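Visitor: need a structure here:
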Amino acid sequence: MADKQNSKKNILRIGQRPKIAAGIFLIIVFYLICFIAMYMTRKKVQVYEVNAGSVAYTSTFTGLAVREETVVDSSYTGTFNIYQHEGNRVKAGDIVCTVDETGKIAGQLSQYTANAGDQLGSDDIRSMISSINAYKTNYGSAGLSGLYSLRSELNSVILGAVTSEIEAGLDSILASSGSSGSFQKLTADQAGYVVYSTDGYESLDDSNFTSDKFDQAVYSQKRTENNATINAGDPAYKLITSENWYILIQLSDSQISANGLQNKTSVTVDFLEDNISTTANFQIITKDGQNYGKITLNKYVVRYCTDRFVNIRLVTTRPTGLKIPASAVVQQSYYAIPSSYVTQGGPDGSNGFIAEMTDSSGGTVQTFVSPDILTDPADSGFVYVSRNELTEGTNLLAPDSNDRFVVGPTGTVSGVYRINTGYTVFVPIYIIDSSDECIIASTKYGSLTNYDRIVLTARDYSENELIY
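Guide: Modelled structure (predicted):
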């Protein structure tokens, strides 16, 4: 009988074990479901690691090129022949172009350019391809004048390749034709780069320019074409006589402020046409109530010798500090206390306040308190203290005075949420420059440091929020 009872007890115990195991399994499954649900529905934090650096600002402008240019007029009427490749540097006494008053020599000179393809080198070919590609890029805006410019550029390259051939045969042609008296050589009276176009802006400088000179819609050039008829008194060519030149740009107040140009003496200039970058001297000129930037260079004048308008990009940098995205900045309310109430005390002589407190017997005692104090960057006469470190309504005493200030008024302090410890901690910052990115002074307040991890989108979070 006893054996039967023990057997029943054993059977009951064995039957209960699956139920307990099932209950534990269900609890684990429920926990996993809750964990997955919390993971799937929680905010996905984007983290930014603080690094030292500076912010680069860029703005694009179409500038007015100002050079030392001398226009040379023809003293003769006849067929104009280009002798130097445009952009060539000539010295005083070099032949730049010729004028055939009778037209007899032009035909004989053409034999020297008939087989010009045989004279073209690899650099000439590359120059011609570059001119054609530039024309294709600006085809929509270049119009018919762009086609004429392209033709002149190609002709200049070809002419440059056969100039030595022409020079070698010119004297013999003149001797055999007996026309030397009617064939005029125009020589340079000074050194410079040759350009076969004029626009009336040659005497322009930073003292006599006007705002309408920036209007490209009314701008026009006059080119002296090869083998065309030229009249006495017409411009034949011009010489750019100095490597020094400058670019004028129109500047609004907002552009000056956004790019930090107020006190800049140098800027980085990117030439958009061919992606050249250089550093240039810079100054702001104010004329007739309008601001202009003057960008002074001492190179590349020959590269843009035929361009009056130059597309550039200014690149400026601001002070170096800790760099953070503007989206990481959040404002927090702090107690605003007159700075005259700050005094020194305690065993270490730290800055703090004299506060009136109530003791255990209900009496009033004066106590020195030393919370973290933030000075106002704008020097408004106030300091800021976290609302977690002082109690609203506390009386503060001014040192060496009976004046009292009741803690309560607030102001806003900029900061970020640091998440090094897994939850958000508000860290005040001092911004010294801002746009899409902010530069903060690493020595001011000193709470945020290099390589700290902060929340990228601060507006989506609050202080002391668990992140992970």
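Visitor: what about the strands in the stretch 101-250 of the chain?
Guide: Applying DSSP state E, counting those that start in this stretch to the stretch 101-250 of the chain gives strands spanning 183-187, 192-195, 197-198, 222-223, 229-230, 235-240, 245-251.
Visitor: Serialize those strands to TSV and add fields for distance to Lys323.
Guide: The C-beta positions use only the backbone N, C-alpha and C, and glycine is treated the same way. Converted to TSV, the strands of the stretch 101-250 of the chain look like this (distance: least, C-beta to C-beta, whole Å):
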stretch	distance to Lys323
strand 183-187	59
strand 192-195	44
strand 197-198	47
strand 222-223	50
strand 229-230	60
strand 235-240	43
strand 245-251	26
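Visitor: Turn the ones you listed into CSV, including distance to Phe282, mean pLDDT and mean neighbour count.
Guide: As requested, those are exported to CSV (distance: least, C-beta to C-beta, whole Å; pLDDT from 0 to 100; neighbours: other C-beta atoms under 10 Å):
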stretch, distance to Phe282, mean pLDDT, mean neighbour count
strand 183-187, 38, 87, 18
strand 192-195, 25, 95, 24
strand 197-198, 28, 94, 19
strand 222-223, 32, 92, 16
strand 229-230, 41, 92, 17
strand 235-240, 22, 96, 22
strand 245-251, 10, 97, 20
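Visitor: closest to Ala56 out of those?
Guide: Judged by C-beta to C-beta, the one of those that comes nearest to Ala56 is strand 245-251, at 18.2 Å.
Visitor: Against which helices or strands is that closest one packed?
Guide: With contacts taken as 3 or more C-beta pairs under 8 Å, 6 or more residues apart in numbering; DSSP states H and E, strand 245-251 sits against strand 56-66, strand 290-297, strand 309-317.
Visitor: Could you rerun that using 6 Å?
Guide: Contacts defined by 3 or more C-beta pairs under 6 Å, 6 or more residues apart in numbering; DSSP states H and E place strand 245-251 against strand 56-66, strand 290-297.
Visitor: Comparing the ones you listed by mean pLDDT, which bottoms out?
Guide: Comparing mean pLDDT over the helices and strands packed on strand 245-251, the weakest stretch is strand 56-66, at a mean of 90.
Visitor: Tell me which strands it pairs with, and in which orientation.
Guide: Strand 56-66 has its sheet partners listed here by DSSP bridges as strand 245-251 (antiparallel), strand 309-317 (antiparallel).
Visitor: any idea which helix or strand comes after that strand?
Guide: Counting by DSSP states H and E, the next helix or strand C-terminal to strand 56-66 is strand 69-73.
Visitor: Residues in contact with that following strand: which ones?
Guide: Strand 69-73 is contacted from outside by 198, 202, 233, 235-241, using C-beta atoms under 6 Å, 6 or more residues apart in numbering.
Visitor: what angle do it and strand 235-240 make?
Guide: Relative orientation of strand 69-73 versus strand 235-240 (axes from the mean of the first three to the mean of the last three C-alpha atoms, to 10 degrees): 160 degrees.
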